[in-house]
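**Student:** here is my input; please provide its structure:
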Amino acid sequence: MARVLTALPRLEPTSTEGALTLRHKVSTVTCTVKSEGGDIGLDKGDLYVTEEEVIFFNPRRSLGVSLAYRNIILHAATEQAGSTPNQPCLYLQTDVPLLNIDRLASPAVPSSAGTQNEPVVTKSDSSDDEEDDDFDPIGAEFYLTPQDPGQLHGIFESVSACANLHPDYEAVSDSDGLIDEDGFDPNEV
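**Tutor:** Modelled structure (predicted):
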């Protein structure tokens, strides 16, 4: 899931109940979001790579986004940045479309109960008219450009390591395996 954030969640350097485990933080990162709903530049903010999700947060606007690793289908270090061409950036692609992207463009308004982090993405509804049930649509694209290009390698390595903590079990199904573990007899080889 991806969420619009109006407050930064609790982050800790070690595993602590009720907190996200912080692996890497970079200040002064520009975030651009591209989605079917439009393109939004979130200006400069802080990037937090946790074991559970990737978070971009702009403290000046009290606004950001968090992306769960299970919804990140592609991450790459690239120089084809969204709003800053030819600048090294981290590219993240999600498998769910970003809805209500206009909420990111307008200033955050605290509710009477305080600020809340609200989900803004959903899996697209399946219909009987779909031609290919295995088709995974591209959701939103995120371009995270650090002010210091030398920080990109560390960001990418941290995202890769944390993404490996969340394997995609659906991608490796029993039908994809080369060996039927239940019926395998090593003596028949």
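
**Student:** what about the helices in this protein?
**Tutor:** 102-105, 152-163 (DSSP state H).

**Student:** give the contact list for Ala161.
**Tutor:** Taking Cβ atoms under 8 Å, 6 or more residues apart in numbering, we find Ala161 in contact with Arg23. C-betas here are computed from N, CA, C, even on glycine.

**Student:** mind doing that once more with 6 Å?
**Tutor:** Contact analysis of Ala161 by Cβ atoms under 6 Å, 6 or more residues apart in numbering lists nothing.

**Student:** okay, it: pLDDT?
**Tutor:** We have a pLDDT of 97 for Ala161.

**Student:** between the helices of the chain, which one is nearest to Tyr48?
**Tutor:** Nearest to Tyr48, of all the helices of the chain, is helix 152-163, at 9.9 Å by Cβ to Cβ.

**Student:** shaky segments in this protein?
**Tutor:** Residue ranges of the chain with pLDDT under 70: 80-85, 97-137, 169-189.

**Student:** can you point me to the longest strand in it?
**Tutor:** The residue-count maximum for a strand in the chain (DSSP state E) belongs to strand 20-35.

**Student:** counting contacts, what elements does that one pack onto?
**Tutor:** Using 3 or more Cβ pairs under 6 Å, 6 or more residues apart in numbering; DSSP states H and E, the elements in contact with strand 20-35 are strand 38-50, strand 141-146, helix 152-163.

**Student:** show me what counts as buried in it.
**Tutor:** 20, 22-26, 29-35 (16 or more other Cβ atoms under 10 Å).

**Student:** and which of those is nearest Gln151?
**Tutor:** Closest to Gln151, out of all of the buried residues of strand 20-35 and judged by Cβ to Cβ, is Val26, at 5.2 Å.

**Student:** please report how far the closest one lies from Gly41.
**Tutor:** 18 Å (Cβ to Cβ, to the nearest Å).

**Student:** same deal with Thr16?
**Tutor:** Distance of Thr16 to Gly41, given as Cβ to Cβ: 33 Å.

**Student:** ok, now Ala77?
**Tutor:** From Ala77 to Gly41 the distance is 20 Å (Cβ to Cβ).

**Student:** cool, Ile55 as well?
**Tutor:** Ile55 sits 17 Å away from Gly41, going by Cβ to Cβ.

**Student:** what about the two, which has more around it?
**Tutor:** Set side by side, Ile55 and Gly41 show more neighbours around Ile55, with 23 against 15, by other Cβ atoms under 10 Å.
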